[in-house]
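**Student:** below are the sequence and a predicted model; questions follow.
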Amino acid sequence: MKAARITVYDTTLRDGAQAEGVSFTVAGKIKMALRLDAFGVDYIEGGYAGSNQKDMDFFSAIRKYPLKRSRIVAFGSTRRAGRKVRDDSLLQSLLAAQTGAVTIFGKAWILHVRDVLRTTPRENLAMISDTVAYLKDCGREVFFDAEHFFDGYKADASYAMAALEAAVRAGADAVVLCDTNGGALPAEIYEATRAVVRALRVPVGIHVHNDGGMAVANTVEAVRAGAVHVQGTVNGIGERCGNADLCAVLPSLEFKMGLQTVGREALRGLKDLSVFADTILNRRPDSRAPYVGQSAFSHKAGPHVDAVNKNPRSFEHVKPEDVGNRRRVLVSELSGGTSVLLKAIELGVGRAGARKAEMR
């Protein structure tokens with residue numbers, strides 16, 4: 001039986017760029033986009049159309065590069081309250097980006113409708129439907145990011161669902177449930193996502209932030225509940241505490257849940273992708289990052305090293321080479337004979353199959 005396919009939507013160049021200490025050049029964004037395309041993600045969110053000239057320059061420049069698999073996406077918002085779609089400058093910028101796919105965010109939490117937009121619940125729903133319909137009429141593939149969906153669902157489930165339904169009726173190709181504040185718990189994500197999947201007949205996606213340290217777990221729970229589209233960033237960079245880290249999400253979905261994302265062959269380049277992104281941004285790689293960190297498959301305690309030498313599954317949840325990483329043996333006062341033996345062999349001092357006694 002063929003594994004279920006999960007759409008991979010990378011937002012490193014947009015949401016990732018909102019992280020403290022992160023700033024891409026146009027050239028850097030192009031290099032990152034080409035690397036993501038080679039890696040095999042389905043969609044690359046290139047920037048926030050109309051918010052700054054750099055992102056518009058990127059949308060113009062990237063058209064010169066034929067991509068093999070990925071589609072470039074321009075990000076924007078619904079029309080502003082009290083304004084017609086054709087008169088909204090940000091929507092015109094979204095079209096000027098000339099991408100085949102666009103993502104717009106709209107409010108799904110009544111608190112934001114009243115306190116931030118300062119408009120009526122009815123007008124907010126009209127803003128969503130008018131914008132989606134307009135972009136569909138212009139020939140775009142449209143994703144609707146339901147901003148603050150999970151907070152909105154807890155406060156007023158019927159209104160949060162009404163926001164999704166407004167987008168669907170207007171022709172949205174998919175709706176994406178957003179934990180924009182990043183504070184939801186996995187059980188909450190599962191229950192709300194499951195309800196949405198059962199209620200709607202369009203693909204459902206997930207976009208979460210990491211303010212509670214749950215972004216990867218929440219993404220996995222949403223997929224378990226029926227989401228078929230995942231959004232995240234390379235190395236989890238993003239606003240405040242970051243986004244769901246695709247370097248942890250993708251191998252978890254492939255190796256732990258048997259789902260298809262970019263494919264297992266592509267995942268052998270996962271560590272290289274992680275390092276590439278950090279290099280572009282002049283960041284030091286996180287040595288303790290799951291799957292791709294230098295310490296992810298490092299063993300220090302003597303009993304651990306001895307066990308891994310006998311059977312790697314004893315202390316490794318996946319094969320390091322499956323994500324482009326490698327096993328490392330550390331030597332310290334905690335080391336046993338096996339640790340010293342394996343390190344000696346690594347350094348060319350000993351030989352495979354040598355007995356511990358020979359190395360004393």
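**Tutor:** Right, received. Where do you want to start? Numbering: from 1, shown residues only.
**Student:** which helix in the protein runs the most residues?
**Tutor:** helix 121-137 (DSSP state H).
**Student:** what residues of that one count as buried?
**Tutor:** In terms of neighbour count (16 or more other CB atoms under 10 Å), helix 121-137 has its buried residues at 124-136. C-beta: built from backbone N, CA, C; applies to glycine.
**Student:** again with stretch 36-51
**Tutor:** Buried-residue list, stretch 36-51, by 16+ other CB under 10 Å: 36-37, 39-50.
**Student:** for those, could you give me TSV that also reports distance to Val73, pLDDT and secondary structure?
**Tutor:** Below are the buried residues of stretch 36-51 laid out as TSV (distance: CB to CB, whole Å; pLDDT from 0 to 100; DSSP: H, G, I helix; E, B strand; the rest coil):
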residue	distance to Val73	pLDDT	secondary structure
Leu36	12	98	helix
Asp37	13	98	helix
Phe39	16	98	helix
Gly40	16	98	coil
Val41	11	98	coil
Asp42	10	98	coil
Tyr43	5	98	strand
Ile44	7	98	strand
Glu45	5	98	strand
Gly46	7	98	strand
Gly47	9	97	strand
Tyr48	11	97	strand
Ala49	10	96	coil
Gly50	14	90	coil
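**Student:** max pairwise distance over those: which two?
**Tutor:** Farthest apart among those by CB to CB are Gly40 and Gly50. That separation is 29.2 Å.
**Student:** how close does Asp211 sit to Asn218?
**Tutor:** Distance of Asp211 to Asn218, given as CB to CB, to the nearest Å: 11 Å.
**Student:** these two: which is more packed in?
**Tutor:** Asn218 (28 against 17; other CB atoms under 10 Å).
**Student:** list the contacts for Gln294?
**Tutor:** Pro285, Ser287, Arg328 (CB atoms under 8 Å, 6 or more residues apart in numbering).
**Student:** and Gly171, by the same measure?
**Tutor:** Val132, Ala133, Lys136, Val142.
**Student:** ok, so of these, who is nearest Arg86?
**Tutor:** Taking the contacts of Gly171 together and measuring to Arg86 by CB to CB, the closest member is Ala133, at 12.0 Å.
**Student:** Ala170 is in contact with the closest one, correct?
**Tutor:** Yes. Counting by CB atoms under 8 Å, Ala133 touches Ala170, with 4.2 Å between them.
**Student:** can you give me the end-to-end span of stretch 104-116?
**Tutor:** 17 Å (CA to CA, to the nearest Å).
**Student:** buried residues, it. List them.
**Tutor:** Neighbour count says stretch 104-116 has Ile104, Phe105, Gly106, Lys107, Ala108, Trp109, Ile110, His112, Val113 buried, by 16+ other CB under 10 Å.
**Student:** so what does the fourth one look like in phi/psi?
**Tutor:** Dihedral angles of Lys107 (phi, psi; degrees, to the nearest 10) stand at phi -80, psi 130.
**Student:** ok, now the second one?
**Tutor:** Backbone geometry at Phe105, expressed as degrees, to the nearest 10, gives phi -100, psi 150.
**Student:** over to the first one?
**Tutor:** Backbone torsions for Ile104, taken as degrees, to the nearest 10, come to phi -120, psi 140.
**Student:** Ala19 contacts Val234, correct?
**Tutor:** No. Between Ala19 and Val234 there is no contact under CB under 8 Å: 11.4 Å.
**Student:** these two: who's more crowded?
**Tutor:** Neighbours were counted for Ala19 and for Val234 using other CB under 10 Å; Val234 has more, 28 against 21.
**Student:** got a list of what the more buried one touches?
**Tutor:** By CB under 8 Å, 6+ apart, the neighbours of Val234 are Asp10, Thr12, Gly16, Leu36, Asp245, Leu246, Cys247, Leu273, Ser274, Ala277.
**Student:** any chance you could map the helices in the stretch 1-150 of the chain?
**Tutor:** Secondary structure of the stretch 1-150 of the chain (DSSP state H, counting those that start in this stretch): helices located at 26-39, 53-62, 89-96, 110-112, 121-137, 149-155.
**Student:** among those helices, which comes closest to Gly269?
**Tutor:** helix 26-39 (6.3 Å).
**Student:** check the offset of that closest one from the chain's centre.
**Tutor:** 16 Å (CA atoms, centre = their mean, to the nearest Å).
**Student:** okay, angle between it and strand 43-48 too, please.
**Tutor:** When axes from the mean of the first three to the mean of the last three CA atoms, to 10 degrees is applied, the directions of helix 26-39 and strand 43-48 differ by 170 degrees.
**Student:** can you list the neighbours in contact with helix 26-39?
**Tutor:** 10, 12-13, 24, 44, 46-47, 54, 57-58, 61-62, 65, 67-70, 72, 234, 262, 266, 269, 273, 276-277, 280-281.
**Student:** those residues, buried ones only, as a PyMOL selection?
**Tutor:** Buried residues among these (16+ other CB under 10 Å), as a PyMOL selection:
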select buried, resi 10+12+13+24+44+46+47+58+62+70+72+234+262+266+269+273+276+277+280+281
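**Student:** and Arg284, how many neighbours?
**Tutor:** Arg284 sits with 6 neighbouring residues when counted by other CB under 10 Å.
**Student:** residues in contact with it?
**Tutor:** Arg284 neighbours (CB under 8 Å, 6+ apart): Asp278.
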